[in-house]
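Q: Structure for this input, please:
(one chain, ligands or ions: 1)
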Amino acid sequence: MSELPDIDQFRKEARVWLEQNAEPLPEINEAEEEDQEVVWGEGSDNVAIFHNFTDEEELARLNAVKAWQAKKFDAGYAMINWPEELGGRGLSASYVRAYMAEERKFVVPSAGELPPTSMGLIAPTVAAFGTPEQKDRWCKAIMRMDICGCQLFSEPSAGSDLASLTTRAVRDGDEWVLNGQKVWTSGARFSEWGLAITRSDFDVPKHKGLTAFMVPFDCKGVEVRPIKQMSGGANFNEVFFTDARIPDEYRLGPVGEGWRVALTCLGFERDHSSSSSSSHTGGSFKQVVAAAAWAGVLEDPIIRQEIAALYSMLRTAQYTNRRVAAGMRAGQTPGPEGSLGKLMWTAGMTKTGEVIARVLGAKVVVDGGEWGTYAWSEHILGAPGYRIAGGSDEIQRNIIGERVLGLPAEPRVDKDLPFSEAQRQTRKA
Ligand SMILES: Cc1cc2nc3c(=O)[nH]c(=O)nc-3n(C[C@H](O)[C@H](O)[C@H](O)COP(=O)(O)OP(=O)(O)OC[C@H]3O[C@@H](n4cnc5c(N)ncnc54)[C@H](O)[C@@H]3O)c2cc1C
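A: This next block holds a predicted model:
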C-alpha cells in the first residue's frame, strides 16, 4: 500500500484548492458565531425547514451542486476514504474530516436532501453489496453526481415496519417484473436511479423474502408523482411500478437478502441524520429571542420561562452532539447515542416552533408582510417531517428503551410467520 500523505500537508493542499475554486466565507469561529446578534429586519428571514422551490429552481440548485461535485471529484476530494479499486484515495475518515473542516470555510452550493441521500446512502450501499461490474457502473458516477440515486423504501403500509412492504418482484427469465407503490421518496423527480426494496417471496417470514434492485427511472412502467406538502413545496414523491421490467443485473445483493441491504442503507442514514443534527435547520434560538424582543414580550414571565426551557434543551442537544462527535474522532462507532441525538434535535426544532408561536401569536398564521414573522410558519409546518424521517421519534425511543435502558423488546408476533400468513391474520384481526 502507498504511504499515507501527511494530514497537515493534505489539509493545506485542500485549502489551496478550495481557495482557487470557491469563495471563502467570512472567518467566524464557533464562539464568535454564538456571540453574533440577530439584527431585526436585516438580511433574510427565511427559517424554512423544507424549501418551497419550483422544479426549475430545484433543478438549477441541483445543477450547481453537480458542477461543484464534479470539480471536487476530479481534484480527488469526493472519495477521500473510498477504496482505491473503486476510484477513491484509500485514506481514513480523519482525512475526510480534515477536508470538511476546510470546506466549511467556503461557500459551496447545496440542494436539500437528494445529494446527501445519493452520495451518503446509495453509493456506499452499492459499494457494500454490488458485484464488481455494479460498483464500476454506479459508485464513481454517483460520487461525481453524474447520476443521482434515491431511496425507494417506504410504502403506504410499510414505514416504521419497513419489512412489511408489498411491492412485488417476480422473476421472468433474466428479468424481474415489479409491481407496487413507494411513497415519500425524497428527490425522485431528479434522480436517474432508485434503490428499491421489494418482496420476491411471500411464503417466508417477512424479513427473509425481500430483494433489492437499482431501478432506472427511465424504465417503462415506473411513474413518479410529486406530493404537495402543507408548507407549499413538493420535496417528496410517490413512485408507482406497473409491470416494470428490470434486468437481473440490476439486482443488488442476493435474492432474499434485501433486508440486509435495507439495514445497511438505513445504518448510513442514521449516521447521516445524527451528524446533520448539528447543522442549523429552521429558525435558531437567537432568532426566537430577537422576535420576542421585537414583539415586546421579553419581560413576560411565561415567555421567559419558555425561552429558558428552549435554551437548556438546545444546549443539552448541542453537548450530546459534541460528545458523539468526540467519540467518533476517537474512533468509536456511533451507537444508540445517534438515536438520542436525533430525538433531541427534533425535540429542539419542535420546541422552537412552539415558543415562536407563543411569541408571535396570529402573526405566524397570517401573512401581514412584516419581516421575520409569517416566515416562521415554514419552520412550524416543517418540523413534524423530521420527527418522522430517518426513524420516527417513537422508533428512536424504542431503540433507546431496548438498547440503552435494557427494557424488554416489543412483542414481534409476526417475526417467524410466513409473510402471506401474517397478512391473512392481520386482515382477520
Ligand atoms: C422528510 C421525510 C423524508 C423521507 N424520505 C424518504 C425517502 O427518501 N425514501 C423513503 O423510502 N422514505 C422516506 N420517508 C418516509 C419515512 O421513512 C417514513 O415516513 C417513516 O419510516 C415512518 O413511516 P410511516 O410514515 O409509514 O409511519 P408509520 O410507520 O405508519 O407510523 C405512524 C405512527 O406510528 C408510530 N409507530 C409506528 N411503529 C411504532 C412502534 N413500533 N412503536 C411505537 N410507535 C410506532 C410512528 O412513530 C408514527 O407516529 C421520508 C419521510 C419524511 C418525513
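
Q: what residues are up against Ala309?
A: Under the criterion of CB atoms under 8 Å, 6 or more residues apart in numbering, the contact list for Ala309 reads Lys351. (Each C-beta comes from the backbone N, C-alpha and C, glycine too.)

Q: Tell me the spacing between it and the ligand.
A: Using CB to the nearest ligand atom, to the nearest Å, one obtains 24 Å as the distance from Ala309 to the ligand.

Q: quick one: that residue and Arg322, what's the gap?
A: For Ala309, the distance to Arg322 (CB to CB, to the nearest Å) stands at 21 Å.

Q: The closest residue to the ligand within the chain: how many residues sit nearby?
A: Distances between the chain and the ligand by CB to the nearest ligand atom are smallest at Gly159, namely 1.7 Å. Residues lying near Gly159 (other CB atoms under 10 Å) number 17.

Q: what residues are up against it?
A: Taking CB under 8 Å, 6+ apart as the definition of contact, the neighbours of Gly159 are Trp184, Ile388, Ser392.

Q: So for the last one, what's the pLDDT?
A: Model confidence at Ser392, given as pLDDT, is 94.

Q: Excluding covalently adjacent residues, which one is nearest to it?
A: Excluding its sequence neighbours, the residue lying closest to Ser392 (CB to CB, 6 or more residues apart in numbering) is Ser160, at 6.0 Å.

Q: In contact with the one you found, which residues?
A: Applying CB under 8 Å, 6+ apart, we find Ser160 in contact with Gly391, Ser392, Glu394, Ile395.

Q: From Lys208, how far out is it?
A: Counting by CB to CB, the separation of Ser160 from Lys208 is 19 Å.

Q: Would you mind measuring from Glu102 to Ala14?
A: Glu102 sits 5 Å away from Ala14 when distances are taken as CB to CB.

Q: Asp393 too?
A: Shown here: Asp393 relative to Ala14, a distance of 38 Å by CB to CB.

Q: Show me which of these two is the more surrounded one.
A: Ala14 (21 against 17).

Q: what about the helix or strand containing Lys351 and the ligand, touching?
A: With the criterion set as DSSP states H and E, the secondary-structure element containing Lys351 is helix 337-360. No. Under the criterion of CB under 6 Å from any ligand atom, helix 337-360 makes no contact with the ligand; the nearest approach is 10.6 Å.

Q: can I have the helix or strand following that helix written out in CSV, keeping just the CAs?
A: Stepping forward along the backbone from helix 337-360, the first helix or strand reached (DSSP H and E) is helix 377-388. C-alpha atoms of helix 377-388 as CSV (Å, rounded to 0.1, in the frame of the first residue of the first chain):
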residue,chain,number,x,y,z
SER,A,377,-44.8,29.3,9.5
GLU,A,378,-42.4,27.4,7.3
HIS,A,379,-40.5,26.3,10.4
ILE,A,380,-43.6,25.3,12.3
LEU,A,381,-45.0,23.3,9.4
GLY,A,382,-41.7,21.7,8.5
ALA,A,383,-40.7,20.4,12.0
PRO,A,384,-43.1,17.4,12.1
GLY,A,385,-41.4,16.0,9.0
TYR,A,386,-38.1,15.4,10.7
ARG,A,387,-39.9,13.8,13.7
ILE,A,388,-40.8,11.1,11.2
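
Q: Thanks again, I'm all set now.
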